[in-house]
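Novice: Everything below, folded, please.
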Amino acid sequence: MKQAVIRFLVVVLFLIGGCLLAYPILSNEWNNYVQSKLIGDYQNKLTDMNSNEYTLEWNAAKEFNSNITENAIGTDAFGMNGEEESTPGPDFFDSKYYSVLNVNGDGIMGYLSVPKINLKLPIMHGTYDEYIQTALGHMNGTALPIGGEGTHSVIVGHRGLPSAELFTNIDQLQKGDKFYVHVLDEVHAYEVDKIYPMIEADDMDTLEVALRVESGKDYVTLFTCTPYGVNTHRLLVRGTRVEYLGEDEPPKGADAVVETVKNYYMVISIIGFILAIIIIVIISRIAKNKEAKRGL
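Specialist: Here you go, the predicted structure:
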């Protein structure tokens, strides 16, 4: 009886371990599906719009940006100082900000693609935690990501979440790499020209300088936390607008293999746990049958 209880506990522990290993992959795959659907819905809406509707949207966005001569980044985008709300209130949904570029009424203003790390994510209005747990957020107080001289848009994303990859691999970007902002009927290309790898989360003076608007410049900065899993500092990857010549291809050959291994090594671990459980069950049954025969 005692041995049977021990075997049962071992199997339960293996099952719990397998579930813990499976959660990040299953959750990330689900979020990938949700993100793809949001982007797909956005693209479908755009195909239904006519030239007059596009003009109205562009004019409204440009008018909004004309009032932003200096970025107001406010408190830390990830709420390190406890002043950020996790969910938007009624005033947010009624604001001018939320109405601009919100063609589908779901808060998506466009999407970001970074071919080098095979990333494509929707950009939501605001950086409320409810949104940036599964997508990227635009930092309200900075220019909308529609391009233009004298603009500096900031796009925020988490790293290291167990449920979604998001900006986890953004530290792989180097100067000269490109990322793309898809907004309305245009695609804007940005080339990484500056990387701020370690800025303390509460060092607002340094953050304000790094995210400032510069005359004649068209910047987009990707804003996330670092070091991985610690998150006491901020990693900023700034891109400057360059001519769009078509989007870069995702990694191929050896680079693609590396990415595949990185993304799916956990699957192998889960399969190993499942096989281990099956083997334990089989061994337990064999041992039980032998004991039964001995009893005879």
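
Novice: Show me which strand runs longest in this structure.
Specialist: For the chain, the strand with the greatest residue count under DSSP state E is strand 186-200.

Novice: Which other helices and strands does whichever helix or strand comes after that one contact?
Specialist: Of the helices and strands lying after strand 186-200 in sequence (DSSP states H and E), the nearest is helix 204-210. If you count contacts as 3 or more C-beta pairs under 8 Å, 6 or more residues apart in numbering; DSSP states H and E, helix 204-210 packs onto strand 186-200, strand 233-242. Heads up, the C-betas are built off the backbone N, CA and C, glycines and all.

Novice: deepest of those strands, which one?
Specialist: Mean neighbour count (mean count of other C-beta atoms under 10 Å) peaks for strand 233-242 among the helices and strands packed on helix 204-210, with a mean of 20.

Novice: From the rest of the structure, what touches it?
Specialist: 76, 147, 159, 170-171, 173, 178-179, 188-201, 207, 210-211, 217-227 (C-beta atoms under 8 Å, 6 or more residues apart in numbering).

Novice: Quick check: which ranges of this protein have low pLDDT?
Specialist: 1-31, 75-76, 79-85, 163, 251-277, 280-281, 283-285, 287-296 (pLDDT under 70).

Novice: Strands of that one, start to end?
Specialist: Counting by DSSP E, the strands of the chain are 108-114, 119-125, 136-138, 151-156, 178-183, 186-200, 218-226, 233-242.

Novice: Please produce a markdown table containing the ones you listed, extended by distance to N44.
Specialist: Shown next, in a markdown table, are the strands of the chain (distance: least, C-beta to C-beta, whole Å):
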| stretch | distance to N44 |
| --- | --- |
| strand 108-114 | 12 |
| strand 119-125 | 13 |
| strand 136-138 | 20 |
| strand 151-156 | 23 |
| strand 178-183 | 14 |
| strand 186-200 | 17 |
| strand 218-226 | 25 |
| strand 233-242 | 27 |
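
Novice: so which of these comes closest to N65?
Specialist: Smallest distance to N65 across the strands of the chain (C-beta to C-beta): 5.9 Å, for strand 151-156.

Novice: so what does the closest one touch, helix or strand wise?
Specialist: strand 136-138, strand 218-226.

Novice: Taking strand 218-226 as reference, get the angle to it.
Specialist: 20 degrees (axes from the mean of the first three to the mean of the last three C-alpha atoms, to 10 degrees).

Novice: how far does strand 151-156 sit from the chain's center?
Specialist: Centroid displacement of strand 151-156 relative to its chain, using C-alpha atoms, centre = their mean, to the nearest Å, is 15 Å.

Novice: Name every strand pairing with that strand and say which way it goes.
Specialist: Paired strands of strand 151-156, with direction, are strand 136-138 (antiparallel), strand 218-226 (parallel) (DSSP bridges).

Novice: Please identify the deepest-packed of those strands.
Specialist: strand 136-138 (a mean of 25).

Novice: burial of M49, as a residue count?
Specialist: 14 (other C-beta atoms under 10 Å).
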